[in-house]
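**Student:** fold the following for me, if possible:
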Amino acid sequence: MAPPGALKQLPAVLIADLVEDLGVTEQDLAGIVRANVRTVERWRQTGTYPQRAARERLAELEALHQHLRNTFASPEARRAWMHHATPFLGEMTPADALRAGRLDRVEAALEALDSGIAI
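**Tutor:** Numbers count the residues shown, from 1 in each chain. Here you go, the predicted structure:
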């Protein structure tokens, strides 16, 4: 088992996957992991690793991304869910909740969906 905050993918690969698969921007990712957008660009372009706190938040985002892949078969379905307002999130989209720093609420909404709770 990987230690907390360990990434399963290289940061550059993960960032590209998140941007493509979830329909978020590098600027969104920077806000979500609380880093400067130029720092996120550097991780993507040079393959450098984030410092511990940002790496831990990126690892949490990576785990959410895997959960989304397990729940939705296609990238289109994942993007649609990420950008559709839900009552479970107070009519926010999951993407907006991530931007607001509420990765925990997005994970809870996804768990509710997985368990069959209408959200």
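**Student:** element containing the most centrally placed residue in the chain?
**Tutor:** Closest residue to the average C-alpha location of the chain: residue 61 at 3.8 Å, with C-alpha atoms, centre = their mean. Using DSSP states H and E, residue 61 falls within helix 52-71.
**Student:** packing partners for that helix?
**Tutor:** helix 11-22, helix 26-33, helix 75-82, helix 103-114 (3 or more C-beta pairs under 8 Å, 6 or more residues apart in numbering; DSSP states H and E). Where C-beta positions appear, they are placed from N, C-alpha and C, glycine not excepted.
**Student:** can I get those in JSON lines with mean neighbour count and distance to residue 66?
**Tutor:** Compiled in JSON lines, those are given as follows (neighbours: other C-beta atoms under 10 Å; distance: least, C-beta to C-beta, whole Å):
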{"stretch": "helix 11-22", "mean neighbour count": "18", "distance to residue 66": "10"}
{"stretch": "helix 26-33", "mean neighbour count": "20", "distance to residue 66": "16"}
{"stretch": "helix 75-82", "mean neighbour count": "16", "distance to residue 66": "11"}
{"stretch": "helix 103-114", "mean neighbour count": "17", "distance to residue 66": "11"}
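**Student:** dump the ones you listed to CSV, plus distance to residue 43.
**Tutor:** Converted to CSV, the helices and strands packed on helix 52-71 look like this (distance: least, C-beta to C-beta, whole Å):
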stretch, distance to residue 43
helix 11-22, 4
helix 26-33, 9
helix 75-82, 21
helix 103-114, 18
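**Student:** nearest to residue 95, of the ones you listed?
**Tutor:** Among the helices and strands packed on helix 52-71, the nearest to residue 95 by C-beta to C-beta is helix 75-82 (4.7 Å).
**Student:** got the angle for the helix holding residue 61 vs helix 75-82?
**Tutor:** Put simply, helix 52-71 runs at 110 degrees to helix 75-82, going by axes from the mean of the first three to the mean of the last three C-alpha atoms, to 10 degrees.
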